[in-house]
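Q: I'd like to go over a predicted model; first the sequence, then the structure.
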Amino acid sequence: MAEKDYDAFAMAQEQFDQVAESLGLEPSVKALLREPMREYHVTMPIEMEDGSVRIFKGFRVQHNDARGPAKGGIRFHPQETISTIKALSMWMTWKCSVVDIPLGGSTGGIICDPHNLSPREQERLSRAWVRQLSRDLGPLTDVPAPDVMTNGQHMLWMLDEYETIHGGKYPGFITGKPVGMGGSLGRTEATGYGVIFTVREALKEINLKPEETRCSIQGFGNVGQHAVKLFLQLGGRVDCVACWDQADQAAYSYYKEGGIDVDELISVSDRFGGINKAGAEKLGYEVLPGDAWLEQDVDLLIPAALENQIRGDNVDKISPRVKIIAEAANGPTTPEADAHIRERGIFLIPDFLANAGGVTCSYFEQVQCNMNYFWEKDEVLGKLDQKMTSAFLAVADLARRKNLYMRDAAYTIAIGRVAEACRGRGWV
């Protein structure tokens, strides 16, 4: 199959199939795990500000819940597809498993562009999605969370709608809520910090000090910004940031000799993490093509945007200097590019390990909501560091012992745990 024919779910299945074969999974287990257990498609009529009615399409996919309630984001994106949602739900299953939290995997999405929707229209859309799926979501069933272009306010609208329908208080129904409304301190930083916790451990693996490490990152939303902040705190340097410019409807890379100033770039960014090109130029940044981030002469690459960003047609542009790739985004590397990275011996931190900080902190939020007792921020981030470090070390240890690629080692652990849960329940 030519790479251009790949879609996200085909990629997720191909990655799974390779590990399933090496694990010798029984045909029934393999057949169960390579497909979602439940898949919902919904249509939602929404009254717009001008009085017209638009029909929006939404999804929710529950891949597997053998290890606990399904868990996964809800994203707003104009190019959302069911294939991407299915892939993300599968990756969420492996993500929860690899960090060993008692949850399964799910993901949802609505085809829309929140840039072009008023807050009132976004609220109506959030509530409509919950109304359509309220019987199939819940704290003991499937727990949503923020994802691409959704935030704590969207989660609060969804929570309010769910509680109105079910006539009670269910703070554990959804995570990523605002602090003070059942949200957890540290949740905003969790995914980006989790990425850098794994990067810190990977640097130890290859005997490279943070202060000797230069980085290029794609994506400057919540994940990218906090990853950059913590990496700089560790002593590293970020030379280039790539992201979307909403005004130009194009992606650019922003380079600064000697390294970027994260607060400077945040000052010219929108709430979705897009950097204003004119503003960056005034601050002295060199504006390069959108894919130039991949070509920088750095030690560390962090794709922290969307899927399919490192592909067969651009992977050979990666500098010979690059030693680590930390996949902060979901599915940023296609199988063809992955084979190239493997051959080059680049130390890869796979997506469902690198970016598991978000779901781990969401799990902490659920625990706090269930106890009705909330931890201080340092305690949350300390527990997150412990969980992410433990998961990384388990994967790295297996990779060393079995001479496995890091992605294969992570899949081996994650799939093995889910398969065992399915067998234990008597499903297969």
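A: Everything's here; your move. Numbers count the residues shown, from 1 in each chain.

Q: in the protein, which helix has the most residues?
A: With secondary structure taken from DSSP state H, the chain has its longest helix at helix 377-402.

Q: quick one: the strands in the stretch 201-350 of the chain?
A: Ranges of strands in the stretch 201-350 of the chain, per DSSP state E, counting those that start in this stretch, are 214-218, 237-245, 250-255, 286-289, 300-303, 324-326, 347-349.

Q: quick one: mean pLDDT over the first one.
A: Per-residue pLDDT values across strand 214-218 average out to 98.

Q: from the contact counts, what lies against it?
A: In terms of contacts (3 or more C-beta pairs under 8 Å, 6 or more residues apart in numbering; DSSP states H and E), strand 214-218 is packed against helix 222-233, strand 237-245, strand 300-303. (Each C-beta comes from the backbone N, C-alpha and C, glycine too.)

Q: show me where the stretch 101-250 of the chain has helices.
A: Assigned by DSSP state H, counting those that start in this stretch, the helices in the stretch 101-250 of the chain fall at 119-133, 152-166, 187-205, 222-233.

Q: related to what we said a few turns ago, which other helices and strands does the next helix or strand after the longest helix of the chain contact?
A: The C-terminal neighbour of helix 377-402 among helices and strands, as given by DSSP states H and E, is helix 406-424. Taking 3+ C-beta pairs under 8 Å, 6+ apart as contact, the helices and strands that helix 406-424 lies on are helix 8-23, helix 27-33, helix 82-98, strand 347-349, helix 351-354, helix 377-402.

Q: closest to S184 out of these?
A: Across these, S184 has its closest neighbour in helix 377-402 (5.9 Å, C-beta to C-beta).

Q: next up, the contacts around G72.
A: Listed by C-beta atoms under 8 Å, 6 or more residues apart in numbering, the contact set of G72 reads L88, S89, M92, G105, S106, T107, G108, D142, P144, A145, D147, V359.

Q: contacting residues for the nearest residue to M92 once chain neighbours are set aside?
A: Nearest residue to M92, sequence neighbours excluded (C-beta to C-beta, 6 or more residues apart in numbering): G105, at 3.2 Å. With contacts defined as C-beta under 8 Å, 6+ apart, the neighbours of G105 are 62-64, 70-72, 89-96.

Q: G105 bridge partners, please.
A: Taking DSSP bridges, one obtains N64, K71 as the residues bridged to G105.

Q: I415 versus that one, what's the distance?
A: In this structure, G105 and I415 are separated by 12 Å, where distance is defined by C-beta to C-beta, to the nearest Å.

Q: what residues do the two have in common as contacts?
A: When contacts are counted by C-beta under 8 Å, 6+ apart, G105 and I415 have W94 as shared neighbours.

Q: and the strands of the stretch 201-350 of the chain, which is most packed in?
A: Of all the strands of the stretch 201-350 of the chain, strand 300-303 has the most neighbours on average by mean count of other C-beta atoms under 10 Å, namely a mean of 29.

Q: as CSV, could you dump the C-alpha coordinates of that strand?
A: Only the C-alpha atoms of strand 300-303 are listed here, as CSV (Å, rounded to 0.1, in the frame of the first residue of the first chain):
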residue,chain,number,x,y,z
LEU,A,300,15.6,16.7,19.8
LEU,A,301,12.5,16.9,17.6
ILE,A,302,9.0,17.2,19.2
PRO,A,303,6.0,16.9,16.9
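
Q: and that strand, what does it pack onto?
A: In this structure, strand 300-303 packs against helix 187-205, strand 214-218, strand 324-326, with contacts taken as 3+ C-beta pairs under 8 Å, 6+ apart.

Q: now do 7 Å
A: When contacts are defined as 3 or more C-beta pairs under 7 Å, 6 or more residues apart in numbering; DSSP states H and E, strand 300-303 packs onto strand 214-218, strand 324-326.

Q: state the mean pLDDT of the last one.
A: Per-residue pLDDT over strand 324-326 has a mean of 98.

Q: how far is it from where the chain is centred?
A: Relative to its chain's centre, strand 324-326 lies at 15 Å (C-alpha atoms, centre = their mean, to the nearest Å).

Q: just to revisit the earlier point, now the helices and strands packed on strand 300-303 in TSV, with distance to G172?
A: Output for these, formatted as TSV (distance: least, C-beta to C-beta, whole Å):
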stretch	distance to G172
strand 214-218	33
strand 324-326	30
